[in-house]
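S.K.: output the structure for:
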Amino acid sequence: MLVRGLLLPHAWRNLRAAVPTLFSGFRYVSIQAYNAPEEAPRGDPDLIAQITAPRALYPHHIPTNTLQKLLLSAGSAFMSLYDPYRHDMIAVLGETTGTLALRSLREKMSQDPEGAQILHERPRICMSNLDIERFRELPDGTFGREYIRFLDVNHVTPDTRMPVKFVDDQELAYVAQRYREVHDLMHTLLGMPTTMLGEVVVKWFEAVQTGLPMCMLGAVFGPLRLSARRNKKVIELVPWAVRSGSNARCVLNIYYEKRWEQTVVSLREEIGILPSPTIKV
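M.R.: Model prediction:
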């Protein structure tokens, strides 16, 4: 039983609205002593403001305390293992457990000229910012053309990525959002589809690159969902993904919006992605 009174009422409503399926199976009760008072409590006005009205730092941000993050982490980790296709739960897990990794990624970006420019300008990869028709007219083999081909074949769009909600730092939230939005670009560069096998390979690459706990979780437990035949392919593809992730420069330091006309082959070489095994995925 989850005790509703442990969470501030406004936070409870926000969390349930954000991830309703996470809480749908829980039962809870109200504790009158924890209900928000009708009138403002007495005391330090600044402290009261921090307690009663947490400030959203960016669009979609939901402020949470340590206990709330622990509950979200535990619930989303369970759901991610139970159903690896639950991208919403994987997203929540990454936001509530990845603070240290996000800080490390921000540091890598700030120390790289191209990465620092991305942090400053904060570009977004979304349908409203992409000239899809121009990409379709690019020659085969160019990054923009192959990216659109990936989206078409796998029936996905960059707008299907959830916005970041639970990262309590505006710049770290952008780093998390940037990682989320370049995920499909990693599929394109690695030549991996959105099947479970393809996701496992990409997650191993990203786990080495980012150190994000959610990537490590998917990389380790993903193969458990694969058949024996596909696990044989994992044995060949994962070492390549790990070597490529170790060899490549930080993938968040690439201003992909300026590389659409570059060939995939030359971009792979520039980043440091090793030639892939000749295995049909």
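S.K.: ok, which stretches of the protein are helices?
M.R.: 9-18, 20-23, 45-52, 66-82, 87-97, 99-110, 113-121, 132-137, 143-154, 170-190, 196-210, 213-221, 228-247, 264-271 (DSSP state H).
S.K.: can you redo those as CSV with mean neighbour count, distance to residue 277 and mean pLDDT?
M.R.: No exception for glycine: its C-beta is placed from N, CA and C like everyone else's. Shown next, in CSV, are the helices of the chain (neighbours: other Cβ atoms under 10 Å; distance: least, Cβ to Cβ, whole Å; pLDDT from 0 to 100):
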stretch, mean neighbour count, distance to residue 277, mean pLDDT
helix 9-18, 16, 40, 48
helix 20-23, 15, 37, 45
helix 45-52, 11, 54, 48
helix 66-82, 17, 28, 84
helix 87-97, 23, 26, 82
helix 99-110, 18, 28, 95
helix 113-121, 15, 29, 97
helix 132-137, 12, 28, 94
helix 143-154, 19, 19, 95
helix 170-190, 21, 11, 96
helix 196-210, 24, 10, 91
helix 213-221, 20, 17, 70
helix 228-247, 16, 5, 84
helix 264-271, 16, 14, 97
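S.K.: right, and these - which one's nearest residue 162?
M.R.: Closest approach to residue 162 among the helices of the chain (Cβ to Cβ): helix 87-97, 4.7 Å.
S.K.: dump the residue contacts of the one residue sitting closest to the centre of the chain.
M.R.: In the chain, the residue lying closest to the centroid (Cα atoms, centre = their mean) is residue 180, at 3.9 Å. Contact partners of residue 180, counting by Cβ atoms under 8 Å, 6 or more residues apart in numbering, are 91, 161-162, 164.
S.K.: residue 278: which of the helices of the chain is closest?
M.R.: helix 228-247 (9.8 Å).
S.K.: list the helices and strands the closest one packs on?
M.R.: In terms of contacts (3 or more Cβ pairs under 8 Å, 6 or more residues apart in numbering; DSSP states H and E), helix 228-247 is packed against helix 196-210.
S.K.: report the angle between the helix it packs on and helix 87-97.
M.R.: On the basis of axes from the mean of the first three to the mean of the last three Cα atoms, to 10 degrees, helix 196-210 is oriented at 20 degrees to helix 87-97.
S.K.: alpha carbons only: can I get helix 196-210 in PDB?
M.R.: Extracted C-alpha coordinates of helix 196-210, given in PDB (Å, rounded to 0.1, in the frame of the first residue of the first chain):
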ATOM      1  CA  MET A 196      14.500  -5.700 -29.700                       C
ATOM      2  CA  LEU A 197      17.800  -6.900 -31.100                       C
ATOM      3  CA  GLY A 198      18.500  -3.500 -32.600                       C
ATOM      4  CA  GLU A 199      17.600  -1.700 -29.300                       C
ATOM      5  CA  VAL A 200      19.900  -4.000 -27.300                       C
ATOM      6  CA  VAL A 201      22.900  -3.200 -29.600                       C
ATOM      7  CA  VAL A 202      22.200   0.500 -29.500                       C
ATOM      8  CA  LYS A 203      21.800   0.400 -25.800                       C
ATOM      9  CA  TRP A 204      25.200  -1.200 -25.300                       C
ATOM     10  CA  PHE A 205      26.700   1.500 -27.500                       C
ATOM     11  CA  GLU A 206      24.900   4.200 -25.500                       C
ATOM     12  CA  ALA A 207      25.700   2.600 -22.200                       C
ATOM     13  CA  VAL A 208      29.400   2.900 -22.900                       C
ATOM     14  CA  GLN A 209      29.000   6.400 -24.300                       C
ATOM     15  CA  THR A 210      26.800   7.900 -21.600                       C
END
